[in-house]
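> dropping the sequence and predicted coords here.
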Number of protein chains: 2
Amino acid sequence: MLSVAYSAEAKQVAAARLAPQPERLEELFCSVPRESFEAGEGVFWEGDQADHVFKVSEGVLRVFKIIADGRRVITGFLYAGDLVGLSLKDRYLYSAEAVTPVRLRRLARKPFQEALEKWPDLRPQFFARVCDEMATAQDQMVLLSRKSAEERVSTFLMLLARRLHGCHPIGRRIHLPMSRLDMADYLGLTIETVSRTITKLVSRGVISPEGRHDFAICKPGKLLALCGDGDSYEEAIDREPKMRQAIWPH
Amino acid sequence: MLSVAYSAEAKQVAAARLAPQPERLEELFCSVPRESFEAGEGVFWEGDQADHVFKVSEGVLRVFKIIADGRRVITGFLYAGDLVGLSLKDRYLYSAEAVTPVRLRRLARKPFQEALEKWPDLRPQFFARVCDEMATAQDQMVLLSRKSAEERVSTFLMLLARRLHGCHPIGRRIHLPMSRLDMADYLGLTIETVSRTITKLVSRGVISPEGRHDFAICKPGKLLALCGDGDSYEEAIDREPKMRQAIWPH
DNA sequence: TAAATTGTGTAACAGGGTGTAACAGAGACT
DNA sequence: AGTCTCTGTTACACCCTGTTACACAATTTA
């Protein structure tokens, strides 16, 4: 069994080396067969030797950390096209599990790094991915640090709406593949609060349920305003005064 | 004035190019003169064109984001030796201000990137820095998402204790250069809660105040336990039951 | 020196979110 | 169809944290 794994890896390295120069980072993963994971199955665990990077080709993944008394924090959900395991030292920083049935391609760290050495054009792409991850993490810190339950849920819905429909003309329908518990652990809330908040949004006519995991966005503008990001200043001042007074650094 | 800036930049580029191969990333900054900032002064702002990377050589910096109604989130404090502005696209993700009087060296993005291209040995160092930043961000997400006020403050104190005294034999004295408001905006709390929590830690004899910005750690073990990280499982089970039941993923 | 300003500590109160529980709905299985 | 299991919803009391208010200390200004 060991030898099989070994030769498979050697083959991967060879394939990555011999392949013509790829234009896009994703192409590195093309030569590798896809693996399948059932919903709930683990892909790797925090603290594992970080031997591989992954590309999700189908389904949704959750990455999370757990502290000793069982509290869980989901640091992100990953969709088709996303790369996993980029920013790490020798051990994974978090665990990864399939939310839905998942298909992904796995590439050993070594050929991945060699490819980056060999083809400089890939490096900016790689760096951009890592930076996106960082930007996302910081937005999440803002959400967890200073947003109310309603703002958190709204932000989450808006995020999915944008992700599913390529940004601009925000998609009117969203699908939530994950459970309420997953949402709660991502948003730093409890399932009950998530549930209550969704109910509130529904009763206000901002969204409308179409089954448990699907919603239609009835009032995208209202939902955007509820996110608390306040892209425009006008948006911010004519909202009802919230629980916290403005604190400007001086 | 423009021409002066121009020639200074050109000089920088030349210096970086001509310098002998540096062994360490920090050495790239040696050729640049140091700039000084007063306490409270801004270094750059979120959304600015990200033209430079910085190395702190003295003092403490805070990096933060602000959402439109004035809520502020401090995403990190940076000390001497830290690099700022590494993980970014073309615009800064956050603002940076001096907490104390600060001296830092500024390097234009272009020569920095060229150095990374030219000397491959620097790339792993650079990547390690970015990954550290990412790891720190994720720990912060855990703190903001699932930790109580007491755990947050304890974690913060422990962080500073480790930072000041190179990790292992945890320093017995810590200095907090930032205001309570800074701490609050970093920990996702209010100044009153920070104040209350510190008072509680003092009254329990875990720490003892030595002026407003200095503390002695009287019971490092206790403080570590209060962090809620539970490095050991034993540590976790014999703590008094906390407000939240264990939630294990299944 | 006194007054104003800034930062911090303390206390009382209130509110948003949580913990617990019971209930409802949607499959899965016999 | 009926039962079981799992997930999600709703209700209510409670509690941690936020809000508000005031007092105090350190520093700056007049």
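It's in. Residues are numbered from 1 along each chain as shown, chains lettered A, B, ... in the order given.
> from here on, contacts and neighbour counts on C-alpha atoms
Noted.
> which residue sits closest to residue A:186, ignoring its sequence neighbours?
Leaving aside its chain neighbours, residue A:186 sits nearest to residue A:74 (4.5 Å; criterion: Cα to Cα, 6 or more residues apart in numbering or on different chains).
> ok, now which ones touch the residue sitting nearest the centre point of chain A?
Geometric centre of chain A, nearest residue: residue A:77, 3.0 Å, by Cα atoms, centre = their mean. Applying Cα atoms under 8 Å, 6 or more residues apart in numbering or on different chains to residue A:77 gives the contacts A:60, A:61, A:62, A:63.
> again, only using 10 Å
The contact partners of residue A:77, taken as Cα atoms under 10 Å, 6 or more residues apart in numbering or on different chains, are A:60-64, A:96-99, A:178, A:182-183, A:186.
> three-state assignment of the residue nearest to residue A:186?
Taken by DSSP: H, G, I helix; E, B strand; the rest coil, the conformation at residue A:74 corresponds to strand.
> stretch A:229-246 - what's its average pLDDT?
The average pLDDT within stretch A:229-246 is 40.
> stretch A:187-202 too?
Per-residue scores along stretch A:187-202 average to 93.
> go through it and flag the buried ones.
A:187, A:188, A:189, A:190, A:191, A:194, A:197, A:198, A:201, A:202 (16 or more other Cα atoms under 10 Å in any protein chain shown).
> ok, stretch A:112-123 next?
Across stretch A:112-123, burial judged by 16+ other Cα under 10 Å covers A:112, A:115, A:116, A:122, A:123.
> out of the residues you listed, which are inside helices?
In helices, defined here by DSSP state H, the members of the buried residues of stretch A:112-123 are A:112, A:115, A:116, A:122, A:123.
> please report how far the last one lies from residue A:93.
With distances defined as Cα to Cα, to the nearest Å, the gap from residue A:123 to residue A:93 amounts to 22 Å.
> ditto for the second one
Taken as Cα to Cα, the spacing of residue A:115 relative to residue A:93 amounts to 23 Å.
> now residue A:81: how far from chain B?
20 Å (Cα to the nearest Cα, to the nearest Å).
> now do the phi/psi pair for that residue.
In terms of degrees, to the nearest 10, the main-chain angles of residue A:81 are phi 100, psi -20.
> wait, isn't it in contact with residue A:61?
No: Residue A:81 lies out of contact with residue A:61 (Cα atoms under 10 Å); the separation is 11.4 Å.
> so for these two, which sits in the more crowded spot?
A direct count of neighbours by other Cα atoms under 10 Å in any protein chain shown for residue A:81 and residue A:61 places residue A:61 higher, at 30 against 14.
> chain neighbours aside, what residue packs nearest to the more buried one?
Setting aside the residues directly before and after it, residue A:61 is nearest to residue A:98 in space (Cα to Cα, 6+ apart), at 4.5 Å.
> can you report how many residues neighbour the one you found?
23.
> residue contacts, it?
Counting by Cα under 10 Å, 6+ apart, residue A:98 has contacts A:36-43, A:59-63, A:77-78, A:178.
> re earlier: which residues are in contact with each of residue A:81 and residue A:61?
Taking Cα under 10 Å, 6+ apart as the contact criterion, the common neighbours of residue A:81 and residue A:61 are residue A:104.
> the strands in chain A, which residues?
Along chain A, the segments classed as strands by DSSP state E run A:34-37, A:42-44, A:52-58, A:61-66, A:72-78, A:83-84, A:95-98, A:102-108, A:173-175, A:207-209, A:214-217.
> how about a markdown table for the ones you listed, with mean pLDDT and distance to residue A:223 added?
Formatted as a markdown table, the strands of chain A follow (pLDDT from 0 to 100; distance: least, Cα to Cα, whole Å):
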| stretch | mean pLDDT | distance to residue A:223 |
| --- | --- | --- |
| strand A:34-37 | 94 | 34 |
| strand A:42-44 | 95 | 34 |
| strand A:52-58 | 95 | 28 |
| strand A:61-66 | 95 | 24 |
| strand A:72-78 | 95 | 21 |
| strand A:83-84 | 96 | 29 |
| strand A:95-98 | 95 | 29 |
| strand A:102-108 | 95 | 30 |
| strand A:173-175 | 89 | 13 |
| strand A:207-209 | 92 | 8 |
| strand A:214-217 | 92 | 8 |
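> any chance of the ones you listed in CSV, with distance to residue B:209 too?
Shown next, in CSV, are these (distance: least, Cα to Cα, whole Å):
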stretch, distance to residue B:209
strand A:34-37, 53
strand A:42-44, 44
strand A:52-58, 47
strand A:61-66, 33
strand A:72-78, 33
strand A:83-84, 45
strand A:95-98, 39
strand A:102-108, 51
strand A:173-175, 52
strand A:207-209, 51
strand A:214-217, 53
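> right, and those - which one's nearest residue B:137?
strand A:72-78 (10.0 Å; Cα to Cα).
> domain parsing for chain A?
A:2-142, A:147-237 (automatic domain parsing).
> and chain A, which residues reach DNA strand D?
For chain A, the contact set with DNA strand D under Cα under 7 Å from any atom of the strand comprises A:178-181, A:191-196, A:198-199, A:212-213, A:243-245.
> just the ones of these in helices?
In this view, those that belong to helices under DSSP H are A:180, A:181, A:191, A:192, A:193, A:194, A:195, A:196, A:198, A:199.
> got the contact list for the nearest residue to the fifth one once chain neighbours are set aside?
The spatially closest residue to residue A:193, leaving aside those adjacent along the chain, is residue A:149, at 7.3 Å (Cα to Cα, 6+ apart). Neighbouring residues of residue A:149 by Cα under 10 Å, 6+ apart: A:143, A:155, A:184, A:187, A:188, A:189, A:190, A:193, A:194, A:196, A:197, A:198.
> dump the ones in helices among the buried residues of stretch A:112-123 to a markdown table, plus pLDDT and distance to residue B:173.
Compiled in a markdown table, these are given as follows (pLDDT from 0 to 100; distance: Cα to Cα, whole Å):
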| residue | pLDDT | distance to residue B:173 |
| --- | --- | --- |
| A:112 | 93 | 44 |
| A:115 | 92 | 47 |
| A:116 | 91 | 44 |
| A:122 | 92 | 46 |
| A:123 | 91 | 43 |
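> now these as CSV including distance to chain B?
What follows is those, written out as CSV (distance: Cα to the nearest Cα, whole Å):
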residue, distance to chain B
A:112, 14
A:115, 14
A:116, 11
A:122, 12
A:123, 10
